[in-house]
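Undergrad: return atomic coordinates for the entry below.
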Amino acid sequence: MQKKNCSILFSALAATFLAAAMVRADSVAVIVGFHGQADETIFERHGGKKGTPLGSLHAHAGHVPASQLKGLRAEPGVAYVEEDLVRQPTFTPNDTYYASYQADDFGLIGCPAAWDVSKGAGKRVSVLDTGCQLSHPDIGSGSSGKVKAWKNFTTSGASTDVKDNNGHGTHTAGTVGAKTNNSSGVASAGVNCELAIGKVLGSSGGYDSWVAAGINWSWQTAGAKVVSMSLGGPGATTTLQNAVNSAWANGVVVVAAAGNDGSTVLSYPGAYTNCISVAATTNAGALASFSNYGSTVDIAAPGVNIASTYKGSGYALMSGTSMATPHVAGVAALVWASPFGTSNAAVRKQLQGTATRAVTTPNGSPLKLVDAYAAVTVAAP
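TA: Residues are numbered from 1 along each chain as shown. This next block holds a predicted model:
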């Protein structure tokens with residue numbers, strides 16, 4: 001395992017600065033929702049430029065001068081105009097690398113026993129992140145690899161270019177579905193599940209329109225039954241919530257990081273009702289010092305010093321609710337492939353209803369650790 005040095009500043013202030021850097025100084029990134037069919041020409045009519053189409057959500061993203069916002073909202077057929085917020089990867093800086101911690105992490109949540117019952121075969125998990133190294137020997141793409149579909153939703157590169165310049169996306173994808181039991185590298189929570197890779201985060205994070213488009217693609221085109229998002233940020237938008245709700249309504253389990261503020265601050269999309277929000281624990285089952293918690297956080301999983309695949313065909317240890325999220329997404333694939341995988345509601349019920357080990361939180365809010373073995377063997381109450 002190679003040593004890697006990765007860091008990211010995750011704060012509302014940083015998100016504000018990054019958002020400003022991603023657009024021209026005289027323009028505003030917005031999403032326009034329509035009562036009927038989206039009209040992409042509305043941006044040019046107001047001196048702006050169209051961006052990401054959001055088909056089934058009846059919305060379209062783009063940029064317009066700030067002076068045009070009032071006129072944009074007054075257009076016939078416009079249901080809403082909202083800022084296209086920026087989301088960030090949610091890992092915490094960590095300078096400790098190679099160590100064989102997987103046995104402790106997977107053992108804590110009952111994965112080895114669960115793998116004797118279900119290996120997630122035939123179930124596809126969409127990982128929406130900074131992309132993925134498709135050529136990584138422990139992941140791979142095509143007929144002999146784990147990645148079966150991929151698309152770039154950022155404005156950098158071709159639509160098929162999901163190159164991971166950050167490493168974060170390759171790491172989370174590996175935790176969900178790296179090749180397992182192949183005598184090399186790392187194991188994964190989802191073992192034999194398939195992967196779909198949606199690049200929705202660039203070097204400065206990613207707009208909600210990119211994330212929403214990735215969610216839509218995940219179930220509409222990529223055939224995913226689980227969407228895993230190790231990303232988040234403050235502020236709620238109608239567009240992102242609609243995308244989560246649409247995926248849920250179409251039978252998809254949606255999982256996202258709770259955030260790394262070490263508080264009860266809400267991080268979206270995780271805080272939406274139809275999204276499973278994941279907190280991080282140590283490999284001893286204690287709440288990680290950086291992890292968010294509270295009434296909107298649904299479940300916990302290991303997220304400290306997690307070993308997984310990394311860009312450059314390497315491996316690295318990383319920490320954060322970003323690392324906890326793919327554990328839950330991978331276990332969701334196991335449940336989908338078990339007799340309990342009859343619907344997304346049934347899968348979510350198994351994940352949360354069979355989690356019995358309590359995780360202590362600073363404010364006493366209830367939180368339980370995911371239990372993979374119970375989720376694939378015991379009917380949730």
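Undergrad: quick one: average pLDDT of stretch 31-41?
TA: On average, the pLDDT along stretch 31-41 is 96.
Undergrad: I misspoke; the intended subject was stretch 364-381.
TA: 96.
Undergrad: stretch 167-176 now?
TA: Across stretch 167-176, pLDDT averages out at 97.
Undergrad: and for stretch 69-88?
TA: Taken as a whole, stretch 69-88 carries a mean pLDDT of 94.
Undergrad: distance from it to the middle of the chain?
TA: 25 Å (Cα atoms, centre = their mean, to the nearest Å).
Undergrad: repeat that for stretch 297-310.
TA: Here the centre of stretch 297-310 is set off from its chain's centre by 12 Å, with Cα atoms, centre = their mean.
Undergrad: what of stretch 193-208?
TA: Chain-centre distance of stretch 193-208: 8 Å, with Cα atoms, centre = their mean.
Undergrad: quick one: buried residues of that stretch?
TA: For stretch 193-208, the neighbour count (16 or more other Cβ atoms under 10 Å) marks 193-202, 204-208 as buried. For the C-beta atoms, the positions are set from N, CA and C on the backbone; glycine is no exception.
Undergrad: and those, which is closest to residue 123?
TA: residue 193 (5.0 Å; Cβ to Cβ).
Undergrad: hmm, the closest one is touching residue 330, no?
TA: Yes - the pair residue 193 and residue 330 passes the contact test of Cβ atoms under 8 Å, sitting 6.8 Å apart.
Undergrad: list the beta-bridge partners for the residue nearest to the spatial centre of the chain.
TA: Among the residues of the chain, the one closest to the centroid is residue 229, at 0.3 Å (Cα atoms, centre = their mean). Beta-bridge partners of residue 229, counted by DSSP bridges, are residue 128, residue 256.
Undergrad: one step back: so which of the buried residues of stretch 193-208 sits lowest on pLDDT?
TA: pLDDT across the buried residues of stretch 193-208 is lowest for residue 204, at 88.
Undergrad: my read: that one touches residue 86, true?
TA: Yes - contact criterion Cβ under 8 Å: residue 204 and residue 86 qualify, at 7.3 Å.
Undergrad: which residues in the stretch 101-250 of the chain form helices?
TA: Remark: helices assigned in the stretch 101-250 of the chain by DSSP state H, counting those that start in this stretch are 102-108, 111-115, 168-177, 208-220, 238-249.
Undergrad: will you turn those helices into a markdown table that also has distance to residue 136?
TA: Formatted as a markdown table, the helices of the stretch 101-250 of the chain follow (distance: least, Cβ to Cβ, whole Å):
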| stretch | distance to residue 136 |
| --- | --- |
| helix 102-108 | 17 |
| helix 111-115 | 21 |
| helix 168-177 | 6 |
| helix 208-220 | 20 |
| helix 238-249 | 27 |
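Undergrad: residue 236 - how many residues pack around it?
TA: Residues near residue 236, counting by other Cβ atoms under 10 Å, number 15.
Undergrad: then residue 285?
TA: The number of residues packed around residue 285, counting by other Cβ under 10 Å, is 15.
Undergrad: now do the one 5 residues further on
TA: Using other Cβ under 10 Å, residue 290 has 22 other residues around it.
Undergrad: what do you get for residue 122?
TA: 12.
Undergrad: equivalent analysis for residue 273, please.
TA: A count of nearby residues for residue 273, using other Cβ under 10 Å, gives 11.
Undergrad: then residue 355?
TA: 24.
Undergrad: which element is encountered next along the chain beyond the longest helix anywhere in the chain?
TA: Longest helix in the chain, counting residues (DSSP state H): helix 321-336. The first helix or strand that comes after helix 321-336 along the chain, using DSSP states H and E, is helix 344-353.
Undergrad: contacts only, for residue 75.
TA: Neighbour list for residue 75: residue 42 [criterion: Cβ atoms under 8 Å, 6 or more residues apart in numbering].
Undergrad: actually residue 188, sorry about that
TA: Residues near residue 188 by Cβ under 8 Å, 6+ apart: 174, 175, 176, 177, 178, 179, 180, 330.
Undergrad: so the second one makes contact with residue 306?
TA: Read that as residue 175. Yes - counting by Cβ under 8 Å, residue 175 does reach residue 306; the two are 6.5 Å apart.
Undergrad: more neighbours: which of these two?
TA: Each of residue 175 and residue 306 has its neighbours counted (other Cβ under 10 Å); residue 175 has more, 34 against 29.
Undergrad: so how far is residue 333 from that one?
TA: To residue 333, residue 175 is 12 Å away according to Cβ to Cβ, to the nearest Å.
Undergrad: shared neighbours of the two, anything?
TA: residue 189.
Undergrad: which SS class is residue 63?
TA: Classification of residue 63 by DSSP: H, G, I helix; E, B strand; the rest coil places it in strand.
Undergrad: quick check: closest non-adjacent residue to it.
TA: In space, residue 63 comes closest to residue 27 once its chain neighbours are excluded; the distance is 4.2 Å by Cβ to Cβ, 6 or more residues apart in numbering.
Undergrad: beta partners for the one you found?
TA: Going by DSSP bridges, residue 27 forms beta bridges with residue 65.
Undergrad: from residue 183, how far out is it?
TA: To residue 183, residue 27 is 53 Å away according to Cβ to Cβ.
Undergrad: just to revisit the earlier point, can you tell me how far the residue nearest to the centre of the chain sits from residue 128?
TA: Residue 229 sits 5 Å away from residue 128 when distances are taken as Cβ to Cβ.
Undergrad: mutual contacts of these two, please.
TA: In contact with both residue 229 and residue 128: residue 211, using Cβ under 8 Å, 6+ apart.
Undergrad: looking at residue 27 and residue 183, which one has more neighbours?
TA: Taking other Cβ under 10 Å, residue 27 and residue 183 do not tie; residue 27 has more neighbours (16 against 5).
Undergrad: give the contact list for the more buried one.
TA: Remark: with contacts taken as Cβ under 8 Å, 6+ apart, residue 27 is in contact with 48, 49, 63, 64, 65, 66.
Undergrad: at 10 Å what do you get?
TA: 47, 48, 49, 62, 63, 64, 65, 66, 68 (Cβ atoms under 10 Å, 6 or more residues apart in numbering).
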